[in-house]
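In: Next come a sequence and a model predicted from it.
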Amino acid sequence: MSYSRWTSYKSLAHLFLGAFCIVRWGCSLVQGDFTSEDILVADFESGSYEPWSVTGEAFGVAPAQGTLPGQMAVTGYRGDRLVNTFFRGDRTTGTLTSPAFVIQRDYLTFLIGGGRDPKRLALRLIVDGEIVRSATGPNDKPGGSEELSLEYWDIQPWKGKMGTLQIVDEATGGWGHINVDHLVQTDTKPLVPRLDVTREIRLSERYLLFPIKNGAKKRIVTFKVDGKRIVQNEMELSDSKPDWWAAMDVSAWSGKNAELVIDKLPGDSLAIDQIYQSNQLAGDSPLYEETKRAQFHFSPKRGWNNDPNGLVYFRGEYHLFFQHNPYGWGWGNMHWGHAVSQDLVHWDELGDKLLPDEMGPMFSGSAVVDWANTSGLGDEANPPMVLLYTAAGNPTVQGLAYSTNGRNFTKLDANPVLPQVTPGNRDPKVIWHAPSQRWIMVLYVELPGKQHSVHFYSSMNLKDWRLESVTRGGIDGDKYLYECPDFFPLAVDGDSSQSKWVLLAADSQYAIGTFDGKTFQPEEQRLPGHRGRGFYAAQSFSDIPKEDGRRVLIGWLQTETKGMPFNQSMSLPLELGLTKTDHGLRMTYRPIAELQKLRTKSLVFHSPILTPQSANPISSLNGELVEVVFEASPSSDAIMEWSIRGEKLRYSQSTRFLEGFGLKISIPKSEATLKLRFFVDRNSIEIFAASDQIYVPIPVSFSPENISYSFRILQGEAEQARIDTYELRSAWNKEMRR
Ligand code: FRU
């Protein structure tokens with residue numbers, strides 16, 4: 001953030017300083033030289049309604065200590081107690097009346113919440129037997145919030161007269177209660193929250209930048225162009241200095257009049273005034289040079305990512321869509337972000353392509369190329385890319401969007417293509433099944449009793465889907481076959497005449513079996529996938545050309561990057577295989593060959609024998625970004641230890657356990673020698689072992705200062721050791737740093 005921007009906050013903040021004092025009543029009480037101190041009329045803290053008088057049941061015997069049984073959490077009151085007429089639920093009624101008091105100040109301020117019904121749910125000021133002021137709560141439909149907020153009346157007309165306050169609850173239905181607290185007479189006009197705060201902006205630059213404070217109250221921000229609602233998001237808007245600036249790409253509406261409407265802001269909030277336009281992202285560090293930015297794992301420029309979506313090869317580019325919250329550091333506002341790559345290593349993020357709409361936020365899904373134009377959404381010369389996604393509103397349905405250029409996407413007018421099966425249905429993964437010449441969709445469906453299932457559908461045109469079969473997994477607590485299914489054939493040990501189908505779920509457990517175009521017959525079930533942590537919802541690419549023939553998978557890597565304007569990332573792209581083992585078929589994960597492009601300085605170390613006396617063979621390896629390929633024949637009692645940027649990783653040949661980073665992983669014997677390969681980025685390590693049967697992704701917060709590595713034998717010895725080490729370069733190119 002520029003200095004001038006912050007100084008302008010400071011001067012604005014100055015203006016509001018007095019206002020803070022007013023909101024926090026204590027100030028005027030402490031500073032007793034005010035000519036007219038605030039007068040506390042009631043705070044309901046004494047544990048009794050005295051000297052107010054009660055009728056009916058709704059008020060209980062004493063002021064409530066916050067939330068009552070069966071009520072949503074009540075917030076926004078002051079101290080320990082408040083008036084809360086939810087006593088015995090909504091159906092109770094009653095009144096609470098103050099003794100008469102002298103009206104001596106200009107304003108009466110109070111906190112109020114609960115149901116909205118001016119006739120039956122009210123706080124009233126009565127003067128000379130007449131109701132002269134009245135207020136009610138904010139809620140008149142299911143849902144809503146039990147938060148009290150500050151309101152006030154101008155009571156100057158009755159100064160010098162006697163007044164009485166009365167709280168009335170005559171409502172018995174939903175939201176049939178009222179909450180009141182902290183009534184004060186004051187001469188200082190309070191700052192009350194502003195509702196539907198609006199700002200018009202003539203769009204001229206690429207981005208609208210929003211001030212975000214992580215953990216701040218979420219505000220509903222509606223973005224309209226020419227009076228038409230484009231999108232609505234929830235943002236943790238900063239009322240003062242932000243933690244970071246979220247960017248909304250508004251280039252599509254350049255030259256038009258936009259309107260921003262924010263549902264509610266504190267009276268002294270600077271949030272809406274701070275929003276500004278720019279052709280650049282805002283941030284202290286240049287893009288992709290931030291201290292915690294992964295350098296060869298994809299992460300979004302700004303905001304949060306979770307699942308990879310719509311992985312597809314189309315017109316010479318790999319497309320990576322992803323669950324994206326452009327406006328928060330945590331999950332929310334699900335958009336489909338979009339990035340493209342020529343080689344699966346260097347990614348160029350292009351902006352959000354599927355925005356939340358009336359059908360809900362855009363949850364996970366997949367993409368295919370409709371080569372024969374079965375959908376009619378392109379033509380044979382221009383086959384469309386088709387996205388299938390979950391619109392997670394109520395109902396939660398499956399939608400379709402398409403593109404013929406891989407840049408602009410249109411949602412189908414006739415959406416949804418699949419109506420809700422159960423509210424927990426999501427994450428369609430679509431594949432072309434050549435033998436039956438049909439599209440197959442695998443969909444996660446939570447069945448009653450929290451049973452997990454994968455529903456198999458077929459279609460001729462990607463728009464009309466027919467249920468073919470249902471595969472059951474586990475029940476809740478046994479997350480087998482839970483969320484984000486993927487389904488693909490894999491050749492056994494590279495022999496495609498022997499391929500098997502794999503059904504994979506979000507936690508990377510999988511089943512292996514056969515598929516006849518309708519039903520999946522598992523032969524092996526509940527096989528564990530990766531052996532690390534923080535790896536979830538992986539998906540494989542569709543339409544990788546036959547000549548290439550690889551099945552490439554990318555997972556969500558849960559790297560937490562505190563203090564950065566972005567959070568989370570993607571795993572390395574992994575080439576999948578199936579291999580025969582003593583226990584049956586198992587999936588293998590291999591880092592894709594293209595990653596070798598990142599290798600810079602290489603060092604090769606050879607030794608016929610390494611013992612506890614040997615010097616550290618990799619002492620000259622230094623760097624935040626590193627690849628290590630290790631091979632040796634350990635003696636049966638050998639224990640060896642790597643130190644990776646200060647983190648220890650140990651392997652014992654007698655137990656075959658690899659231990660470190662809080663994990664203990666059993667390494668099956670798969671080859672004559674011990675082979676290990678690992679990649680270190682700024683916030684992760686990914687380890688490959690046992691002929692790629694073992695993949696261990698681990699988010700790690702490496703200390704940036706420690707960039708050294710060592711290897712030693714603690715016990716026993718290792719023969720024919722070969723350690724190839726590579727320092728790696730960043731995958732972020734200059735032209736991508738826009
Ligand atoms: C998995 C998941 C999906 C869902 C998406 C929402 O991480 O819960 O099931 O579609 O994330 O962001």
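Out: Everything's here; your move.
In: so what's F87 closest to, chain neighbours aside?
Out: G60 (3.8 Å; C-beta to C-beta, 6 or more residues apart in numbering). (Glycine included, C-beta is placed from N, CA and C.)
In: In contact with the one you found, which residues?
Out: L68, N84, F87, R88 (C-beta atoms under 8 Å, 6 or more residues apart in numbering).
In: What is the subsequent helix or strand relative to the least confident helix or strand in the chain by mean pLDDT?
Out: Lowest by mean pLDDT, DSSP states H and E among the helices and strands of the chain is helix 26-30, with a mean of 33. Downstream of helix 26-30, the next assigned helix or strand under DSSP states H and E is strand 39-42.
In: related to what we said a few turns ago, just flag the most distant two among the contacts of G60.
Out: N84 and R88 (11.5 Å; C-beta to C-beta).
In: So the two - more neighbours on which side?
Out: Higher neighbour count among N84 and R88: N84, with 28 against 13, using other C-beta atoms under 10 Å.
In: And the pLDDT at that one?
Out: Looking at N84, its pLDDT stands at 98.
In: Need the three-state assignment for the closest residue to the ligand within the stretch 1-150 of the chain.
Out: Among the residues of the stretch 1-150 of the chain, G143 lies closest to the ligand, at 20.8 Å counting by C-beta to the nearest ligand atom. Classification of G143 using DSSP: H, G, I helix; E, B strand; the rest coil returns coil.
In: Run a quick neighbour tally on it.
Out: Residues near G143, counting by other C-beta under 10 Å: 7.
In: now it: how far from T172?
Out: Between G143 and T172 the computed distance is 19 Å (C-beta to C-beta, to the nearest Å).
In: Isn't S240 up against L270?
Out: Yes: under the criterion of C-beta atoms under 8 Å, S240 is in contact with L270, at a separation of 5.9 Å.
In: So between these two, which is more surrounded?
Out: Per other C-beta under 10 Å, whichever of S240 and L270 has more neighbours is L270, with 22 against 17.
In: The closest residue to the ligand within the stretch 451-600 of the chain: what secondary structure?
Out: Across the stretch 451-600 of the chain, no residue is closer to the ligand than E483, which sits at 3.9 Å (C-beta to the nearest ligand atom). Under three-state DSSP, E483 falls in the coil class.
In: With adjacent residues omitted, what lies nearest to it?
Out: Nearest to E483 is A506, by C-beta to C-beta, 6+ apart, at 3.9 Å.
In: give me the element the one you found is part of.
Out: Counting by DSSP H and E, A506 is found in no helix or strand.
In: cool, the one 5 residues further on as well?
Out: In this assignment (DSSP H and E), A511 forms part of strand 510-515.
In: and what of E631?
Out: strand 626-634.
In: Quick one: list the elements packing against whichever helix or strand comes after that strand.
Out: Scanning forward in sequence from strand 626-634 by DSSP H and E, the next helix or strand is strand 639-644. Where contact means 3 or more C-beta pairs under 8 Å, 6 or more residues apart in numbering; DSSP states H and E, strand 639-644 is packed against strand 626-634, strand 647-652, strand 709-715.
In: Present these as TSV; the columns should include distance to F488, mean neighbour count and mean pLDDT.
Out: Formatted as TSV, the helices and strands packed on strand 639-644 follow (distance: least, C-beta to C-beta, whole Å; neighbours: other C-beta atoms under 10 Å; pLDDT from 0 to 100):
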stretch	distance to F488	mean neighbour count	mean pLDDT
strand 626-634	27	20	98
strand 647-652	32	18	98
strand 709-715	36	19	97
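In: Nearest to the ligand, out of those strands?
Out: Of these, nearest to the ligand by C-beta to the nearest ligand atom is strand 647-652, at 27.1 Å.
In: How about residues contacting stretch 609-627?
Out: In contact with stretch 609-627 (C-beta under 8 Å, 6+ apart) are residues 295-296, 595, 598-599, 603, 605, 607, 628, 632, 645, 677-682, 702, 704, 707-715, 717-719, 721, 723, 725-730.
In: Now, of those, which are buried?
Out: Taking 16 or more other C-beta atoms under 10 Å as the criterion, what is buried in those is 295-296, 595, 598, 605, 628, 632, 645, 677-682, 702, 707-709, 711-713, 715, 717-718, 721, 723, 725-728, 730.
In: In strands, which of those residues appear?
Out: Residues of the buried ones among the contacts of stretch 609-627 located in strands (DSSP state E): 605, 628, 632, 677-681, 709, 711-713, 715, 718, 721, 723, 725-728.
In: quick check: domain ranges of the protein?
Out: 38-186, 194-278, 303-591, 596-736 (automatic domain parsing).
In: what's the most buried one of the ones you listed?
Out: domain 303-591 (a mean of 19; mean count of other C-beta atoms under 10 Å).
In: Give me the distance between that one and the centre of its chain.
Out: Relative to the centre of its chain, domain 303-591 is centred 18 Å away, using C-alpha atoms, centre = their mean, to the nearest Å.
In: what's the answer for stretch 60-74, then?
Out: With C-alpha atoms, centre = their mean, you get 33 Å for stretch 60-74.
In: The strand holding E631 vs strand 709-715, what angle?
Out: Interaxial angle of strand 626-634 relative to strand 709-715 (axes from the mean of the first three to the mean of the last three C-alpha atoms, to 10 degrees): 20 degrees.
In: contacting residues for H182?
Out: W25, L40, A42, D43, F44, Y77, R78, G79, L82, T109, F110, L111.
In: on that earlier part again, same for the ligand: which of the contacts of G60 are within range?
Out: Among those, not one lies near the ligand by C-beta under 6 Å from any ligand atom.
In: would you turn the residues you listed into CSV with secondary structure?
Out: Output for the contacts of G60, formatted as CSV (three-state DSSP):
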residue, secondary structure
L68, coil
N84, strand
F87, coil
R88, coil
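In: ok, so of the residues you listed, who is nearest R531?
Out: L68 (48.4 Å).
In: Do I have it right that that closest one meets N84?
Out: Yes: applying C-beta under 8 Å, one finds L68 in contact with N84, separated by 5.8 Å.
In: Overlap of the contact sets of the two?
Out: The contact sets of L68 and N84 overlap at G60, V74 (C-beta under 8 Å, 6+ apart).
In: got a pLDDT number for the residue nearest the centre of the chain?
Out: By C-alpha atoms, centre = their mean, the chain has its centre lying nearest to W331, at 1.8 Å. Per-residue pLDDT puts W331 at 98.
In: contacting residues around it?
Out: So W331 contacts W304, N306, N325 (C-beta under 8 Å, 6+ apart).
In: Which elements pack onto the helix or strand harbouring the first one?
Out: With elements taken from DSSP H and E, the one containing W304 is strand 303-314. Using 3+ C-beta pairs under 8 Å, 6+ apart as the contact criterion, the elements in contact with strand 303-314 are strand 317-325, strand 335-341, strand 362-369, strand 385-391, strand 535-540, strand 552-557, strand 566-567, strand 569-570.
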